[in-house]
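Colleague: Requesting a structural model of the entry that follows:
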Amino acid sequence: MADDEPETEDAPTEADAPQDLEDISGVGASKADALRDAGFETIDDVKQADQDDLAEADGVGNALAARIKADVGDLEVTEETEAEIEDEGVEEAEEPDEDVETELQPRGLTEKTPELSEEEQRLLTRRKQAGKPQFNRQDYHKKKRTPESWRRPRGQLSKQRKGIKGKGPKVQAGYRTPEAVRGKHPSGFEEVYVENTDCLLYTS
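Modeller: Predicted structure coming up:
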């Protein structure tokens, strides 16, 4: 009984062997047609052909050729070859049948422009060109412990308080923006603060 065990081991039989090109692992209808066009009509033709000859068929690469030879013959297939076969199948499935053009549409009122008079437009341009000084604290650049935030100079000998050139400007009247465009967005629209989405219904 023990001698009969090796004979009962699983072994490839003629019934398990592929009978048609489409029965080969990794070969579908399109690949089978490509093999027939290349001159491989039957399984015997595939068995007699070399791997390089199979790889020259349209749509059949070197990895698939090795897979075919392994299924019909005694060629061993490595894990890398099987991975290449799976990658080729995924790429073919991901290709769309037709190119669909998508039209991009902007969100919101992108074409809306503010209603400004010539004077308001001139003042907006002037406000943009004028700018504002930084108003740094006196001698902030000399001492690391002195922050940049503005504090009015109060010393009797303070050169910034006296307005000496090069000691930095002081916060005083004359630096504000024109009153007609004060608080407006650089685009010319009036900024409206909202607390939630319901407030958007009352803005225009």
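Colleague: Quick check on residue 35: phi, psi?
Modeller: Backbone torsions for residue 35, taken as degrees, to the nearest 10, come to phi -70, psi -40.
Colleague: what's it in contact with, if anything?
Modeller: By CB atoms under 8 Å, 6 or more residues apart in numbering, residue 35 lies in contact with 21, 27, 46, 54, 57, 60. From N, CA and C alone the C-beta is placed, and that goes for glycine too.
Colleague: Retrieve the pLDDT associated with the fourth one.
Modeller: Think residue 54. As summarised for this prediction, residue 54 has a pLDDT of 74.
Colleague: Show the subsequent helix or strand relative to the helix or strand of the chain with the lowest mean pLDDT.
Modeller: Every helix and strand of the chain was ranked by mean pLDDT, DSSP states H and E. The lowest is helix 79-94, at a mean of 54. Next helix or strand after helix 79-94 toward the C-terminus (DSSP states H and E): helix 118-130.
Colleague: Going by neighbour count, list what's buried in that following helix.
Modeller: Across helix 118-130, burial judged by 16 or more other CB atoms under 10 Å covers 120, 123, 124, 127.
Colleague: again with stretch 163-178
Modeller: Buried, per 16+ other CB under 10 Å, within stretch 163-178: 168, 170, 177.
Colleague: low-confidence ranges in the chain?
Modeller: Counting by pLDDT under 70, the chain contains low-confidence residues at 1-19, 73-99, 108, 203-204.
Colleague: just to revisit the earlier point, is it possible to get a markdown table of the buried residues of stretch 163-178 that adds distance to residue 139 and secondary structure?
Modeller: Rendered in a markdown table, the data for those read as follows (distance: CB to CB, whole Å; DSSP: H, G, I helix; E, B strand; the rest coil):
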| residue | distance to residue 139 | secondary structure |
| --- | --- | --- |
| 168 | 9 | coil |
| 170 | 14 | coil |
| 177 | 29 | coil |
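Colleague: Switch the residues you listed over to TSV; also include distance to residue 193.
Modeller: Below are those laid out as TSV (distance: CB to CB, whole Å):
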residue	distance to residue 193
168	33
170	31
177	19
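Colleague: out of those residues, who's nearest residue 105?
Modeller: For these, the residue nearest residue 105 by CB to CB is residue 177; the value is 35.8 Å.
Colleague: Contacts only, for the closest one.
Modeller: Residue 177 touches 127, 130, counting by CB under 8 Å, 6+ apart.
Colleague: Apply 6 Å and report the result again.
Modeller: Shown in contact with residue 177 (CB atoms under 6 Å, 6 or more residues apart in numbering): residue 127.
Colleague: quick one: it and residue 115, what's the gap?
Modeller: Here the criterion is CB to CB, to the nearest Å. By it, residue 177 lies 20 Å from residue 115.
Colleague: same thing with residue 137?
Modeller: Taking CB to CB as the measure, residue 137 falls 42 Å from residue 115.
Colleague: Which residue of the two possesses the greater neighbour count?
Modeller: residue 137 (16 against 8; other CB atoms under 10 Å).
Colleague: Quick check: that one vs residue 165, distance?
Modeller: If you go by CB to CB, the gap between residue 137 and residue 165 works out to 18 Å.
Colleague: go on, residue 149?
Modeller: Residue 149 is 23 Å from residue 165, by CB to CB.
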